[in-house]
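Visitor: output the structure for:
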Amino acid sequence: MSQHTAVLLLGSNIGDTKNNIDEALEAISQGNIILKKSEYLISEPVEFVSSNIFCNIATIIQTHLSPVQLLDYVKKIEISMGRKNDSSVTKIYTNRVIDIDIVKFNELKFSSERLEIPHKRHLYEREFSKFLLKDII
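Guide: Modelled structure (predicted):
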């Protein structure tokens with residue numbers, strides 16, 4: 001079974017946001033290895049208006065899953081934690097208990113309806129993402 005390196009970005013702006021991220025990281029670590037984590041970062045919502053601020057973190061993991069399998073895995077975590085709307089489907093950003101994005105996967109370039117790797121907005125456009133990612137990649 002081959003191992004892959006993936007960079008994930010997690011965010012939460014509902015409830016105990018730091019605890020939500022820690023719970024998601026614990027779920028991610030079941031079957032994957034967390035190699036590195038950034039510091040937590042508090043940031044304003046991006047691309048939608050909300051009075052709830054975000055707690056965010058970036059992490060590098062080692063996984064045996066393919067990109068699509070990893071996407072399915074993190075989407076199951078989001079749903080199990082109470083996420084109701086998937087902005088990648090609805091194209092509408094809302095408050096969320098947890099959001100887990102795949103930013104990079106090895107050096108792969110991949111695009112489908114459900115997944116784009118690398119995640120260009122996180123790598124090049126969103127300031128909070130660039131700040132978190134510069135710490136770990």
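
Visitor: and the helices in this protein?
Guide: 17-28, 67-80, 87-90, 120, 127-136 (DSSP state H).

Visitor: out of the ones you listed, deepest packed?
Guide: Greatest average neighbour count among these goes to helix 17-28 (a mean of 18), per mean count of other Cβ atoms under 10 Å. Where C-beta positions appear, they are placed from N, C-alpha and C, glycine not excepted.

Visitor: still on that earlier bit, would you turn the helices of the chain into a markdown table with mean pLDDT and distance to residue 11?
Guide: Below are these laid out as a markdown table (pLDDT from 0 to 100; distance: least, Cβ to Cβ, whole Å):
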| stretch | mean pLDDT | distance to residue 11 |
| --- | --- | --- |
| helix 17-28 | 98 | 8 |
| helix 67-80 | 96 | 11 |
| helix 87-90 | 52 | 11 |
| helix 120 | 84 | 17 |
| helix 127-136 | 87 | 8 |
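
Visitor: and the ones you listed as JSON lines, adding distance to residue 105?
Guide: Listed next are these as JSON lines, based on distance: least, Cβ to Cβ, whole Å:
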{"stretch": "helix 17-28", "distance to residue 105": "14"}
{"stretch": "helix 67-80", "distance to residue 105": "5"}
{"stretch": "helix 87-90", "distance to residue 105": "16"}
{"stretch": "helix 120", "distance to residue 105": "14"}
{"stretch": "helix 127-136", "distance to residue 105": "14"}
